[in-house]
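Q: My questions are about this predicted structure, shown below with the sequence.
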Amino acid sequence: MSTGGYRVYVCAGVHCAAQQVDTVRLFAEAIAAAELGAVSVQTSGCLSRCERGPNAMVHPGGVAYVGLTRAAIQTIVSEHLRDGVPVPAYRDGAFEEGHTMTQDFSVHFWGVRGSHPSAGPEFVETGGNTSCVEVRVAGQRLIFDAGTGLVPLGETIIASGDVRPILILLSHYHHDHIQGLPHFSPLYAKDQLLHIVAPWNMYQDRVWDLLTHASSHSALAERPGLRARRRTMLIEGGERLWWNADSTMPLQVGSGSGPLPAGWVEITTYRSHAHPRGGSMCYRVTHNAKSIVFATDTESYHGADQGLADFSRDSELIIHDAHFTPAEYSHPQFCRQGWGHSTWEMAVELARLANIRQIALFHHDPSHTDAQMNEIDREASAAHPGAFVAREGMGIRIEQAAPACLEPAESQP
């Protein structure tokens, strides 16, 4: 019999929640019935494998379970949590190994709002967290921006047991892009190494100032301090960066135009000056001759940003700012031109110019309700078949030939 001490992390991602199975309650009831007082159960952020949810992961061991039903949970509790024997029938071995994500190239949206978070039932479908996107590629994890979406992502990283170095690439320093940093759980983990890549400008010190003063924040007052080792690389745009979390020196500046070393991921950079107070850094990730581009807080005006079009040319997906509707942008009495944000029409125009197949409309106005976002989705997709509204919890597989979200499986009895 097991001596206990297991920790169960139940996926609370949007798709697993849509299964309408109260997985946490079912685990808690089964654990209590088995009198396993040393076993804990809690929610985590998205554990991926959205198409096979509801999902959970058990530590120690990193055992992933998918397709959870009441019967499956009762079996897992009696055989794994009580007797110490994992249950093969409900395991996902492929997921456990990648958490190594060997050849995966996918994008996961943890926060899609701009300016500030949105709260209320009218925002649930699209999501309310601010800017944070995770890219999983060639066994590596890249994080773009550190808005409030970073908070559930941090909980998921802790739940996964992945203690490799973490890379966060910031577009700029406005608060909606860094406000999740003080609440990023890996920052408080001993022996964790965190690299932050950020654009050089006179506001660069805001990142670590925010963290330095985090201990005085009421929500963090009882935490033991920022235990993680932290490294910052400031860039100007035009750099070629290499990342490999399994290397002793995981972040390097690539040399010239030579070949990418095996096991490394390449990120190239472009500074857009079309955003107030220093512009915004755009990033391009390339793997197996396919690329995605992260380009938020940029204003294309009419005729598109030619520099960004050249930087993004022939990519599979661009995650593009679409904060305003065309009517809002050109409103005769409250014009938003020059505010540093685009419309969905601007994103589509740039995609056509640069031969980009898919467009994830991003950085949504926090006042735009799900009904408004659905209307934007319809209008944009009618103008460009690859355009769609990015929504919190959504995942996109880049290697597929057609736009495909990682949707949940059908509910099981």
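A: Received, thanks.
Q: surely Cys11 meets Tyr65?
A: No - using C-beta atoms under 8 Å as the test, Cys11 is too far from Tyr65 to be in contact (10.0 Å). To be clear about C-beta, it is placed using only N, CA and C from the backbone, and glycine gets the same treatment.
Q: any idea how this structure splits into domains?
A: If you go by automatic domain parsing, the domain ranges for the chain are 7-97, 105-397.
Q: roughly how far is the first one from the heart of the chain?
A: When you say that, I think you mean domain 7-97. When C-alpha coordinates are averaged (C-alpha atoms, centre = their mean, to the nearest Å), domain 7-97 and its chain have centres 22 Å apart.
Q: The residue nearest to Ile318 when sequence neighbours are not counted: neighbour count?
A: Among residues not flanking Ile318 along the chain, Val293 sits closest, at 4.4 Å (C-beta to C-beta, 6 or more residues apart in numbering). Using other C-beta atoms under 10 Å, Val293 has 25 neighbouring residues.
Q: Ok, Arg357 next?
A: Here the count is done by other C-beta under 10 Å, and Arg357 has 18 residues near it.
Q: so what's it scoring on pLDDT?
A: Listed pLDDT for Arg357 reads 93.
Q: any idea how far it lies from Met373?
A: Applying C-beta to C-beta, to the nearest Å, the value for Arg357 to Met373 is 22 Å.
Q: re earlier: shared neighbours, Cys11 and Tyr65?
A: Counting by C-beta atoms under 8 Å, 6 or more residues apart in numbering, the common neighbours of Cys11 and Tyr65 are 55-57.
Q: quick one, helices of the protein?
A: Counting by DSSP state H, the segments of the chain that form helices are 14-17, 23-33, 70-76, 93-97, 150-160, 206-212, 306-312, 326-329, 344-354, 370-383.
Q: So for Thr126, which of those helices sits nearest?
A: When the helices of the chain are compared by C-beta to C-beta, helix 370-383 sits nearest Thr126, at 4.6 Å.
Q: pretty sure Leu187 is in contact with Ala228, am I right?
A: Yes - between Leu187 and Ala228 a contact is recorded at 4.8 Å, counting by C-beta under 8 Å.
Q: quick one: common contacting residues for the two?
A: Leu194.
Q: hmm, back to that, Pro259: which of the helices of the chain is closest?
A: Closest to Pro259 of these is helix 306-312 (C-beta to C-beta; 20.8 Å).
Q: same question for that closest one, mean pLDDT?
A: 94.
Q: which secondary structure elements does it contact?
A: strand 265-272, strand 280-287, strand 290-295, helix 344-354 (3 or more C-beta pairs under 8 Å, 6 or more residues apart in numbering; DSSP states H and E).
Q: Could you point out which of these sits nearest Arg313?
A: Nearest of those to Arg313, taken as C-beta to C-beta: helix 344-354 at 4.6 Å.
Q: Could you quantify the relative orientation of the closest one and helix 370-383 as an angle?
A: Per axes from the mean of the first three to the mean of the last three C-alpha atoms, to 10 degrees, the angle that helix 344-354 makes with helix 370-383 is 30 degrees.
Q: Nearest to Phe27 among the shared contacts of Cys11 and Tyr65?
A: Distances from Phe27 to the shared contacts of Cys11 and Tyr65, taken by C-beta to C-beta, are shortest for Ala56, at 7.3 Å.
Q: Show the contacting residues for Thr43.
A: By C-beta under 8 Å, 6+ apart, the neighbours of Thr43 are 9-12, 24.
Q: Please list the members of those that lie in strands.
A: Among the contacts of Thr43, the members found in strands (DSSP state E) are 9-11.
Q: Contacts only, for Val133.
A: Contacts of Val133 by C-beta under 8 Å, 6+ apart are 107-111, 143-145, 149, 294, 319, 362.
Q: distance of it from Trp110?
A: From Val133 over to Trp110 (counting by C-beta to C-beta), the distance is 7 Å.
Q: Over to Ala262?
A: 29 Å.
Q: Those two: who's more crowded?
A: Trp110 (30 against 7).
Q: What distance do you get for that one to Ile359?
A: Trp110 is 19 Å from Ile359, by C-beta to C-beta.
Q: Then Leu234?
A: Taking C-beta to C-beta as the measure, Leu234 falls 30 Å from Ile359.
Q: who's more crowded, these two?
A: Ile359 (28 against 11).
Q: my guess is that one contacts Ala383, does it?
A: No - with contact defined as C-beta under 8 Å, Ile359 does not count as touching Ala383 (9.8 Å).
Q: Overlap of the contact sets of the two?
A: Val348.
Q: Closest one of the contacts of Thr43 to His195?
A: Taking C-beta to C-beta as the measure, His195 lies nearest Tyr9 of those, at 25.0 Å.
Q: what's the most buried one of the helices of the chain?
A: Most buried of those, by mean neighbour count (mean count of other C-beta atoms under 10 Å): helix 150-160, with a mean of 24.
Q: so what does it touch, helix or strand wise?
A: Here helix 150-160 touches strand 40-44, strand 56-59, strand 105-111, strand 132-137, strand 140-144, going by 3+ C-beta pairs under 8 Å, 6+ apart.
Q: how about a cut-off of 7 Å?
A: strand 40-44, strand 105-111, strand 132-137 (3 or more C-beta pairs under 7 Å, 6 or more residues apart in numbering; DSSP states H and E).
Q: Can you list the strands that the shortest one pairs with?
A: Sheet pairing for strand 40-44, assigned by DSSP bridges, gives strand 7-11 (parallel).
Q: What average pLDDT does the partner strand get?
A: On average, strand 7-11 scores 81.
Q: and that strand with helix 23-33, angle?
A: Put simply, strand 7-11 runs at 160 degrees to helix 23-33, going by the same axes, to 10 degrees.
Q: ok, residues contacting strand 7-11?
A: 23-24, 27, 39-44, 46-47, 53-59, 159 (C-beta atoms under 7 Å, 6 or more residues apart in numbering).
Q: Now render the helices of the chain as JSON lines, adding distance to Ile396.
A: As requested, those are exported to JSON lines (distance: least, C-beta to C-beta, whole Å):
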{"stretch": "helix 14-17", "distance to Ile396": "13"}
{"stretch": "helix 23-33", "distance to Ile396": "25"}
{"stretch": "helix 70-76", "distance to Ile396": "28"}
{"stretch": "helix 93-97", "distance to Ile396": "18"}
{"stretch": "helix 150-160", "distance to Ile396": "16"}
{"stretch": "helix 206-212", "distance to Ile396": "28"}
{"stretch": "helix 306-312", "distance to Ile396": "16"}
{"stretch": "helix 326-329", "distance to Ile396": "25"}
{"stretch": "helix 344-354", "distance to Ile396": "15"}
{"stretch": "helix 370-383", "distance to Ile396": "15"}
